[in-house]
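[1] Next one to model:
(one chain, ligands or ions: 3)
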Amino acid sequence: MEKGIVLKKLSNKFWVEDISNLFICSARGNLKDNGIFVGDNVLFNADALNIKEVLKRKNLLVRPPLANLEQMIIVLAYAPKPDYLMLDKLLLFCGINKINPIICLNKIEVNKDENEYIKKAYGKFYSVLEISAHKKINIDKLKKLLKGKISASAGQSGVGKSALINSIFDDEKTAEGYLSEKILRGKNTTRHCELFKVSGKTYIADTPGFSALSINLLNISYRDLPAFYPDFADFSDNCKYNSCMHLKEIDCAVKEAVKTGLIDNERYQRYTIILEDLKEFDKKIKYSRKNV
Ligand SMILES: Nc1nc2c(ncn2[C@@H]2O[C@H](COP(=O)(O)OP(=O)(O)OP(=O)(O)O)[C@@H](O)[C@H]2O)c(=O)[nH]1
Ligand SMILES: [Mg+2]
Ligand SMILES: [Zn+2]
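    Ligands and ions are numbered 1, 2, ... in the order given. Sure thing, here's the model as predicted:
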């Protein structure tokens, strides 16, 4: 029995890679029914080309269907204009699913007017990297951050997610032909999600599915929201109430920090929007449960 990772899944076949070879495997009914996902570590029989067991997962995302994602490259650029609410939702999604986010500010050879704001509001709590996929600025730094991990790109359409992934592969001479061909195919088939090997245990997925992150994918109660804001952590202990939501409560140290500029006001305003969204969603769920 060998150990491998599922790189791709098409109809009933699974592309499983061990250290150096690729095997196209099938799986027994009940194993298939429980689900084998791209990113899964599996035990398989390399002669019979059969998957025998799925090993324990770190996490599992529904949309896009991806197991064991460790890192998310959130790409922004001056154009299209950054959607900060979406950025905050993606960061929240990473927090909930224990995924390490890296904020990549692309197209800096053209314009980086927005970057100062992003570095100021996010740089203290998250990795922020200024890059140019076209001019290959800081791509080597990004590659270091990817090393040994499973990562996926995310962000608005047109920010340069595919360009970024291509720039990572361009100087991998051995893999270039094989991978760029696969990436081109990946562009036309948005429905399936596929991992591309950068080197060793380093994989990356170009996943269009993250672009629209709806609130129901943030499966937390609104009460848990503040805990996912590292910006609040230094202050929330000083709020009068332990369960402070930092909204209308009196003696709220978080709101005080927003007033004095220690917490970014715009990010706080977006926090209140996400909180309202989550509350609405909670209500809807309770309502639909009552009516079944
Ligand atoms: N100037 C500049 N343009 C870039 C850079 N990276 C990407 N672009 C351009 O931005 C546009 C979108 O790039 P894509 O890589 O297709 O964007 P994407 O995020 O994959 O978009 P979707 O697949 O629609 O989600 C293209 O016209 C690219 O040429 C960059 O580093 N600098
Ligand atoms: Mg793309
Ligand atoms: Zn508070």
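[2] Please make it C-alpha for all contacts and neighbour counts, starting now.
    Will do.
[3] May I ask you to confirm that residue 27 is in contact with residue 50?
    Yes - applying CA atoms under 8 Å, one finds residue 27 in contact with residue 50, separated by 5.5 Å.
[4] Give the buried residues for the lengthiest helix in the chain.
    Counting residues, the longest helix found in the chain (DSSP state H) is helix 265-290. For helix 265-290, burial by neighbour count (16 or more other CA atoms under 10 Å) applies to 265, 267, 268, 270, 271, 272, 274, 275, 278, 281, 282.
[5] how far away is the last one from residue 17?
    Right, the one you point to is residue 282. Residue 282 sits 41 Å away from residue 17, going by CA to CA, to the nearest Å.
[6] what do you get for the first one?
    Using CA to CA, one gets 47 Å for the distance from residue 265 to residue 17.
[7] thinking again about what came up before, so among the buried residues of helix 265-290, where is pLDDT lowest?
    Lowest pLDDT among these: residue 282, with 82.
[8] So what touches stretch 241-261?
    Stretch 241-261 has contacts (CA atoms under 8 Å, 6 or more residues apart in numbering) with 223, 226, 232, 235-240, 263-265, 268, 272.
[9] Residues in a beta bridge with residue 13, which ones?
    Here residue 13 sits in beta bridges with residue 10, going by DSSP bridges.
[10] From the structure, what's the count of residues near it?
    Residue 13 is flanked by 14 other residues according to other CA atoms under 10 Å.
[11] now swap in residue 24 and tell me
    Residues near residue 24, counting by other CA under 10 Å, number 16.
[12] cool, residue 118 as well?
    Residue 118: 16 surrounding residues under other CA under 10 Å.
[13] ok, back up a step: so which of the buried residues of helix 265-290 also contact ligand 3?
    Among those, none lies close to ligand 3 by the criterion of CA under 5 Å from the ion.
[14] Make TSV out of those and add distance to residue 69.
    Listed next are the buried residues of helix 265-290 as TSV, based on distance: CA to CA, whole Å:
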residue	distance to residue 69
265	31
267	26
268	28
270	26
271	25
272	28
274	24
275	26
278	24
281	26
282	27
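[15] out of those, which one sits closest to residue 119?
    Of all those, residue 119 sits closest to residue 267, with 12.7 Å by CA to CA.
[16] how about the nearest residue to that closest one, chain neighbours excluded?
    Residue nearest to residue 267 in three dimensions, not counting chain neighbours: residue 121, with 7.5 Å by CA to CA, 6 or more residues apart in numbering.
[17] That neighbour: helix or strand, and which one exactly?
    Taking DSSP states H and E as the criterion, the element that holds residue 121 is helix 115-122.
[18] contacts for that helix?
    Here helix 115-122 makes contact (CA under 8 Å, 6+ apart) with 105, 128, 263, 264, 267.
[19] run the last query once more with 10 Å
    Under the contact criterion CA atoms under 10 Å, 6 or more residues apart in numbering, helix 115-122 has outside partners 76-78, 82, 84, 88, 103, 105-106, 108, 123, 125-130, 230-231, 262-267.
[20] now the next helix or strand after that helix: how far from the chain's centre is it?
    Next helix or strand after helix 115-122 toward the C-terminus (DSSP H and E): strand 127-130. In terms of CA atoms, centre = their mean, to the nearest Å, the centre of strand 127-130 is set 15 Å apart from its chain centre.
[21] ok, and for strand 127-130, which residues are buried?
    Buried, per 16+ other CA under 10 Å, within strand 127-130: 128, 129, 130.
[22] Pull up the gap between the first one and residue 279, please.
    When CA to CA is applied, the distance between residue 128 and residue 279 equals 30 Å.
[23] same deal with the second one?
    Taking CA to CA as the criterion, residue 129 is separated from residue 279 by 33 Å.
[24] residues in the chain within reach of ligand 1, list them.
    Selection of the chain residues close to ligand 1 by CA under 6 Å from any ligand atom yields 106-107, 110, 132-134, 156-163, 208.
[25] Most neighbours among those residues, please name it.
    Using other CA under 10 Å as the neighbour criterion, residue 106 leads the residues of the chain next to ligand 1 with 28 neighbours.
[26] That residue contacts residue 156, correct?
    No - at 12.0 Å, residue 106 and residue 156 do not qualify as touching, with contact defined as CA atoms under 10 Å.
[27] tell me which residues form a beta bridge with the nearest residue to residue 36 once chain neighbours are set aside?
    Nearest non-adjacent residue to residue 36, counting by CA to CA, 6+ apart: residue 54, 7.1 Å away. Bridge pairing for residue 54 (DSSP bridges) gives the partners residue 42.
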